[in-house]
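Trainee: sequence unknown, structure follows:
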């Protein structure tokens with residue numbers, strides 16, 4: 001890789017990280033705005049990618065707007081205005097999809113509906129759950145708190161960086177080569193190790209959660225973050241694309257940058273719900 005390419009890659013990566021950190025640490029309205037933008041871009045990239053395998057266009061504008069609206073109504077719900085708007089939005093979206101199956105005369109319209117609904121499940125659901133994590137599991141406050149969300153992102157960045165560095169340095173044993181040829185077992189082990197170390201660091205500064213909690217948190221982030229990355233690689237291989245987009249030079253698209261989160265966030269939410277019960 002040329003020096004210029006390395007600089008461009010590093011610059012776009014740092015810019016994205018700063019953008020995310022502003023969304024996490026800037027308060028609930030910054031979170032809503034920035035992660036709403038990330039969701040919209042991710043949905044657009046996803047529907048543009050799966051559209052390649054259909055005989056007609058998927059309504060990207062309708063699906064992106066619906067996903068962002070569902071995310072916004074989740075925010076209304078956690079702010080204490082009730083769940084009516086959320087359920088109404090989801091119901092209207094589904095009714096529109098079913099109505100399109102009747103109105104549009106295409107032999108594969110069902111595939112388009114399935115792809116549309118899956119995009120919401122794959123991207124919008126994790127973003128809504130991330131918002132719930134910021135509100136529901138904070139022992140020191142009853143409003144938005146960035147602690148757990150920040151931990152998720154920091155740990156996944158540590159996991160990915162350690163896995164890439166040590167995998168490139170000493171990795172010899174490939175892990176599911178047919179999906180992601182560059183991932184190695186050695187990289188995964190070191191990624192898990194350094195993510196657990198990061199969890200122990202968080203346990204020193206956030207005593208409202210136990211050390212046991214943070215270690216379990218870190219293990220889930222590492223394992224399901226890796227699975228999320230592999231799942232997006234499988235989707236890209238299915239549709240024969242290298243990157244989901246080209247918005248971030250050297251990294252691909254937004255979906256390529258958040259792929260690790262999309263299975264990890266539901267797993268973390270389930271972990272938090274289990275401990276709460």
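Mentor: Received, thanks. The structure presented is a predicted model; accordingly, all values stated were derived computationally and were not measured.
Trainee: Quickly find the element holding the nearest residue to residue 127 once chain neighbours are set aside.
Mentor: Excluding its sequence neighbours, the residue lying closest to residue 127 (Cβ to Cβ, 6 or more residues apart in numbering) is residue 39, at 4.8 Å. For every residue, glycine as well, the C-beta is placed using N, CA and C. Per DSSP states H and E: residue 39 is located in helix 28-50.
Trainee: now for that helix, which elements pack on it?
Mentor: Secondary-structure packing of helix 28-50 (3 or more Cβ pairs under 8 Å, 6 or more residues apart in numbering; DSSP states H and E): helix 3-25, helix 60-76, helix 109-119, helix 125-136, helix 211-238, helix 254-258.
Trainee: so which helix or strand takes in the residue nearest to residue 194 when sequence neighbours are not counted?
Mentor: Sequence neighbours aside, residue 162 is the residue nearest to residue 194 in space, at 4.1 Å (criterion: Cβ to Cβ, 6+ apart). Using DSSP H and E, residue 162 sits within helix 147-170.
Trainee: Report the mean confidence score over that helix.
Mentor: Averaged over helix 147-170, pLDDT sits at 90.
Trainee: so what does that helix touch, helix or strand wise?
Mentor: Partner elements for helix 147-170 (3+ Cβ pairs under 8 Å, 6+ apart): helix 3-25, helix 125-136, helix 185-205, helix 211-238, helix 261-276.
Trainee: ok, back up a step: possible to save the helices and strands packed on helix 28-50 as CSV with mean neighbour count and mean pLDDT?
Mentor: Listed next are those as CSV, based on neighbours: other Cβ atoms under 10 Å; pLDDT from 0 to 100:
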stretch, mean neighbour count, mean pLDDT
helix 3-25, 14, 84
helix 60-76, 20, 94
helix 109-119, 17, 84
helix 125-136, 21, 94
helix 211-238, 20, 92
helix 254-258, 24, 90
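Trainee: which one of these lies closest to residue 101?
Mentor: Comparison of these against residue 101 by Cβ to Cβ identifies helix 109-119 as nearest, at 5.2 Å.
Trainee: May I have the predicted confidence score for residue 95?
Mentor: On pLDDT, residue 95 comes in at 92.
Trainee: Now it: phi and psi?
Mentor: phi -60, psi -40 (degrees, to the nearest 10).
Trainee: can you confirm residue 242 is in a helix?
Mentor: No: if the criterion is DSSP: H, G, I helix; E, B strand; the rest coil, then residue 242 is coil and not within a helix.
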